[in-house]
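>>> All I have is the shape, not the residue letters:
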């Protein structure tokens, strides 16, 4: 069966520090991968998605970036965190050409102080 | 992206059926209707989806209006674990993203 892992589960970082969040999927090949963010009291916002290794589409311009170095690995990064980067970061995967069910990971709760 | 409208909150009692409405009057003929739910401090969880016909699975039923301008998610016998925010989302064929609205916060009373 397929599983999705995210780490760390929680993170507290100072403003201006770098960020690296990792997501890995097991049990499937060539998944579509997604990064979402949910700010406190807000809805989920898609940040990036990837349909293959090295292929990244950005939905919202910001100081975050994403990379997909391996088929089932998706990384969210920042060189310098802002207070507004605080939130609940969720990775998700799907298979197929779109409009397919997405399966979400447990999330990383990031607090920037 | 086609827009959906859901009540901000609903309340029900344990072991009673719950009907969660969703209006999507601008839905196109090929948009799928997806429902997800998000339990507190967790990622969203797929519940059910459909296109034109009513759908049933182990979690819920989805009733789709004949004109497809509205749909209803039905939880047949609510439990306390069903307390969550429920999102109704329209996805065109080939869409790579889910556009989440504010959803309906469902409270289940014991």
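All right, it came through fine. Quantities reported herein were computed from a predicted structural model and do not represent experimental measurements.
>>> Setting aside sequence neighbours, what's the nearest residue to whichever residue of chain B sits closest to chain A?
Per Cβ to the nearest Cβ, residue B:43 is where chain B lies closest to chain A, at 3.2 Å. No exception for glycine: its C-beta is placed from N, CA and C like everyone else's. Distances taken as Cβ to Cβ, 6 or more residues apart in numbering or on different chains put residue A:104 closest to residue B:43, at 3.2 Å, once the chain neighbours are dropped.
>>> Give the burial count for the residue of chain B closest to chain A, as a bare number.
Residues lying near residue B:43 (other Cβ atoms under 10 Å in any protein chain shown) number 23.
>>> can you pull the contacts of it?
When the contact criterion is Cβ atoms under 8 Å, 6 or more residues apart in numbering or on different chains, the partners of residue B:43 are A:90, A:92, A:104-107.
>>> Show me what from chain A comes close to chain B.
A:32, A:34, A:36, A:43-46, A:49, A:51, A:57, A:59, A:90, A:92, A:97-99, A:101-107, A:109 (Cβ under 8 Å from any Cβ of the partner chain).
>>> ok, residue A:90 touching residue A:33?
No. No contact is recorded between residue A:90 and residue A:33 when judged using Cβ atoms under 8 Å, the distance being 11.5 Å.
>>> what about burial for the residues of chain A next to chain B, which qualify?
When burial is judged by neighbour count using 16 or more other Cβ atoms under 10 Å in any protein chain shown, the buried members of those are A:32, A:34, A:36, A:44-46, A:49, A:51, A:90, A:92, A:99, A:101-105, A:107, A:109.
>>> any idea which element residue B:21 lies in?
Here residue B:21 sits within strand B:18-23, counting by DSSP states H and E.
>>> Quick one: mean pLDDT for the helix or strand following that strand?
Next helix or strand after strand B:18-23 toward the C-terminus (DSSP H and E): strand B:32-38. Mean pLDDT, strand B:32-38: 95.
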